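Novice: Give me the fold of what follows.
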Amino acid sequence: MILIFEDVEGRMPVQPWQPAELSRVLDAVAGLALTLTPAPIEAPPVTVRFGRYLGGGWQQLGAASHAGDDLADLDPWARAALHDLAGLEAGWAAAAEGTTLAHGDVRADNVLLAPDRVVFVDWPWACVAQPWFDLVTMLPSVTLNGGPRPESVLAAHRLARDADPDSITSVVAALAGMWTYLGRQPDPPGLPPVREFRRAQGEIALAWLKARITSGG
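Specialist: Numbers count the residues shown, from 1 in each chain. The predicted structure follows:
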């Protein structure tokens with residue numbers, strides 16, 4: 001077997017996000033979805049690739065509550081709505097299924113800005129999903145790294161124009177549950193910042209979810 005890699009003359013986006021560079025990347029995310037629909041290669045469905053992680057966070061937090069955990073560190077709104085949030089996240093799989101080859105892990109450190117193009121690198125999470133899946137899953141990290149709030153980006157992005165709002169909300173619920181649950185777990189050995197990263201992503205995703213639910217989006 002021979003592996004051939006392209007030597008890309010590029011750099012990662014400046015952090016915190018600069019508006020022009022973020023705009024380039026967001027345009028490239030749309031172009032990627034257009035180019036990769038239908039998926040040009042075989043890849044696992046999104047439900048297979050992410051089934052261990054998405055769609056169970058709120059359910060696991062509910063189970064912890066029944067087992068005696070007071071969840072005192074949890075957002076009060078989320079703590080009061082655990083049952084409803086678990087039901088909402090349960091629809092993520094049907095909502096995210098599609099025919100687009102998705103990267104599955106778009107964030108600043110998986111992007112290279114070349115003079116004439118944007119290159120997405122590191123594809124171990126590739127899967128077949130909705131064309132908006134990469135956009136939605138990347139937005140909490142954009143906010144975390146100094147960019148705008150998720151909903152403001154989503155509302156202006158062309159991939160969201162024809163998307164079902166309820167489907168997006170189900171995936172946002174699954175994201176918020178996953179990051180909130182993981183943010184309460186101990187740091188993996190040798191990776192002490194991971195818990196805080198997860199917790200921060202959870203707070204952003206939860207605020208996004210609350211805004212979508214309360215606004216009917």
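
Novice: Would you state the strands of this protein in chain order?
Specialist: 100-102, 111-114, 117-120, 127-129 (DSSP state E).

Novice: Tell me which other helices or strands the first one touches.
Specialist: To tie it back to what came earlier, the one meant is strand 100-102. Where contact means 3 or more C-beta pairs under 8 Å, 6 or more residues apart in numbering; DSSP states H and E, strand 100-102 is packed against strand 127-129, helix 133-144. Using the backbone N, CA and C atoms, a C-beta is placed for each residue, glycine as well.

Novice: any idea which of those is most buried?
Specialist: strand 127-129 (a mean of 26; mean count of other C-beta atoms under 10 Å).

Novice: and the helix with the most length in the chain, C-alpha only, in CSV?
Specialist: Identified as the longest helix of the chain according to DSSP state H is helix 194-215. Coordinates of each C-alpha in helix 194-215 appear next as CSV, following Å, rounded to 0.1, in the frame of the first residue of the first chain:
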residue,chain,number,x,y,z
VAL,A,194,-10.1,18.7,28.0
ARG,A,195,-12.8,18.9,30.7
GLU,A,196,-12.8,22.7,30.6
PHE,A,197,-13.0,22.7,26.8
ARG,A,198,-15.9,20.3,26.9
ARG,A,199,-17.7,22.4,29.6
ALA,A,200,-17.2,25.6,27.7
GLN,A,201,-18.6,24.0,24.5
GLY,A,202,-21.5,22.7,26.5
GLU,A,203,-22.3,26.1,27.9
ILE,A,204,-22.3,27.6,24.4
ALA,A,205,-24.4,24.8,22.9
LEU,A,206,-26.9,25.0,25.7
ALA,A,207,-27.3,28.7,25.4
TRP,A,208,-27.9,28.2,21.7
LEU,A,209,-30.4,25.5,22.4
LYS,A,210,-32.3,27.6,24.9
ALA,A,211,-32.5,30.5,22.4
ARG,A,212,-33.8,28.2,19.7
ILE,A,213,-36.5,26.6,21.9
THR,A,214,-37.6,29.9,23.5
SER,A,215,-37.8,31.6,20.1
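
Novice: For that helix, buried residues please.
Specialist: Using 16 or more other C-beta atoms under 10 Å as the test for burial, helix 194-215 gives 195, 197-210, 212-213.

Novice: So which bits of stretch 155-171 are buried?
Specialist: Within stretch 155-171, the residues scored as buried using 16+ other C-beta under 10 Å are 157, 159, 160, 163, 167, 168, 169, 170, 171.

Novice: so who does the last one touch?
Specialist: Applying C-beta atoms under 8 Å, 6 or more residues apart in numbering to residue 171 gives the contacts 54, 92, 95, 96, 133, 136, 137.

Novice: next one: the first one
Specialist: Applying C-beta under 8 Å, 6+ apart, we find residue 157 in contact with 26, 29, 30, 135.

Novice: Which pLDDT value goes with the closest residue to residue 169 other than its chain neighbours?
Specialist: Nearest residue to residue 169, sequence neighbours excluded (C-beta to C-beta, 6 or more residues apart in numbering): residue 212, at 5.0 Å. At residue 212 the predicted local confidence, pLDDT, stands at 96.

Novice: And residue 10, by the same measure?
Specialist: Looking at residue 10, its pLDDT reads 82.
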